[in-house]
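**Q** Sharing a model prediction with you, sequence too.
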Amino acid sequence: MDRRHFLTLCGAIAAMPLLGASPWAQGAVKARVGVIPVLGAAPLFVAEKEGYLKEGGLEIGVTTFESGPNMIQALASGTIDIYVAGVAPLAVARSKGIDVRVVAATAVAENVFVATPKLAKYFTPGTSPAAAFKAYRTAEGKPARVATQPPGSVPNTTLQYWLWETAKIEKADVEVISMGIDATQQAVLAGAVEGASIREPAVSIVMGRNPAIKLVALGDEMFPGQPGTVVAVAGAFADKNPAAVQTLVNALVRAAALIEAAPDRAAPAIEAALGKGIVDTATIRTALASPATRFIVDPRAIIEPARAMQSYQVKLGSLEKELPFDGLFDTRFYERALKGG
């Protein structure tokens with residue numbers, strides 16, 4: 001977040017206490033939220049813990065999911081109202097008649113590539129990723145196994161773009177394996193795979209437990225302008241509760257600015273949501289300072305990168321054709337938030 005953007009957000013924060021007079025204050029709106037448990041969702045966790053949502057009369061119940069594509073099923077069945085995950089599956093959802101609208105981003109460039117010790121030793125200074133993978137296959141007699149989330153997800157698309165388009169790795173040198181977020185982290189720690197596309201706080205966790213694990217490629221190296229976690233709302237919920245959606249976006253703006261300005265204050269709320277007694281606050285603080293962490297709430301910043309990602313999904317075959325973005329991004333709530341809600 002650059003200084004100009006940060007100051008703009010601070011200006012929005014200054015105006016937001018006026019939202020205490022919201023008509024939602026006397027009768028809270030309840031929303032069911034689906035979320036991928038990654039650091040990119042931190043603004044939501046901080047907004048809830050700091051009371052920003054309740055100030056505007058919005059109460060949420062959170063359910064965690066392993067991937068965006070899995071969460072789309074919950075949207076389709078009407079069991080969640082708000083989606084907090086990668087943008088890639090949403091255009092597909094709209095093409096199937098699911099009315100869902102992106103109202104905010106929360107983070108960008110989240111997915112990075114790490115190599116476990118068996119592969120990491122081939123990433124010597126001056127050695128290209130393609131040469132490192134080739135050296136591994138030559139020495140081991142088999143391709144390196146790399147883990148990521150299911151086809152159609154942002155992590156999967158990002159990883160494949162880096163492998164084939166950026167790093168120009170030969171397909172014979174690598175095997176892509178799909179698994180859930182928790183399984184990916186455990187596979188990296190156990191050495192069951194040679195590399196993975198992961199996000200914070202998993203990056204800080206695995207590298208903290210095994211310093212021989214190497215961070216090989218950052219988010220923008222893997223996919224230029226890589227869109228990350230977004231907040232999308234079901235159309236029916238947005239139409240019925242526009243003030244609640246405004247409260248949500250206002251709260252995300254405030255929370256992102258708080259994380260930037262006072263990470264020590266924000267860290268306990270994030271640890272409570274992500275830690276589950278396993279990840280301590282110190283690890284969360286490390287993750288907040290990680291080069292793999294960039295919070296951005298402005299949904300306008302990811303529209304074009306999301307189009308580019310969709311185009312690449314068509315090339316991969318995980319999407320039959322490019323789908324229209326008409327109606328997918330609703331930037332009005334963010335624009336109002338910058339003006340004080």
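**A** Received, thanks.
**Q** Show me where the stretch 201-341 of the chain has its helices.
**A** Taking DSSP state H, counting those that start in this stretch, the helices of the stretch 201-341 of the chain run over residues 202-209, 219-222, 235-240, 242-261, 263-274, 281-288, 303-316, 332-338.
**Q** now swap in the stretch 51-200 of the chain and tell me
**A** Counting by DSSP H, counting those that start in this stretch, the helices of the stretch 51-200 of the chain are 52-55, 68-77, 88-95, 117-120, 129-140, 154-160, 181-190.
**Q** low-confidence ranges in the stretch 151-300 of the chain?
**A** Under the criterion pLDDT under 70, the flagged ranges of the stretch 151-300 of the chain are 276-277.
**Q** what's next to stretch 312-331, contact-wise?
**A** 88, 90-92, 94-95, 100-103, 151-152, 156-157, 160-161, 165, 223, 238, 299-300, 303, 306-307, 310-311 (C-beta atoms under 8 Å, 6 or more residues apart in numbering). The C-beta positions use only the backbone N, C-alpha and C, and glycine is treated the same way.
**Q** Might you report the residue contacts of residue 137?
**A** Applying C-beta under 8 Å, 6+ apart, we find residue 137 in contact with 143, 144, 172, 173.
**Q** Check what pLDDT it gets.
**A** At residue 137, the model reports a pLDDT of 98.
**Q** coming back round to it: state the pair within the contacts of residue 137 that is farthest apart.
**A** Farthest apart among the contacts of residue 137 by C-beta to C-beta are 144 and 172. That separation is 10.7 Å.
**Q** Counting neighbours, go ahead and name the busier of the two.
**A** Neighbour count, other C-beta atoms under 10 Å: between residue 144 and residue 172, residue 144 has more, with 24 against 10.
**Q** can you tell me how far the more buried one sits from residue 126?
**A** Residue 144 sits 19 Å away from residue 126, going by C-beta to C-beta, to the nearest Å.
**Q** any chance you could read off phi and psi for residue 80?
**A** phi -130, psi 150 (degrees, to the nearest 10).
**Q** who's the closest residue to it other than its chain neighbours bridged to?
**A** Of all residues not flanking residue 80 in the chain, residue 34 sits nearest, at 4.1 Å (C-beta to C-beta, 6 or more residues apart in numbering). Here residue 34 sits in beta bridges with residue 63, residue 83, going by DSSP bridges.
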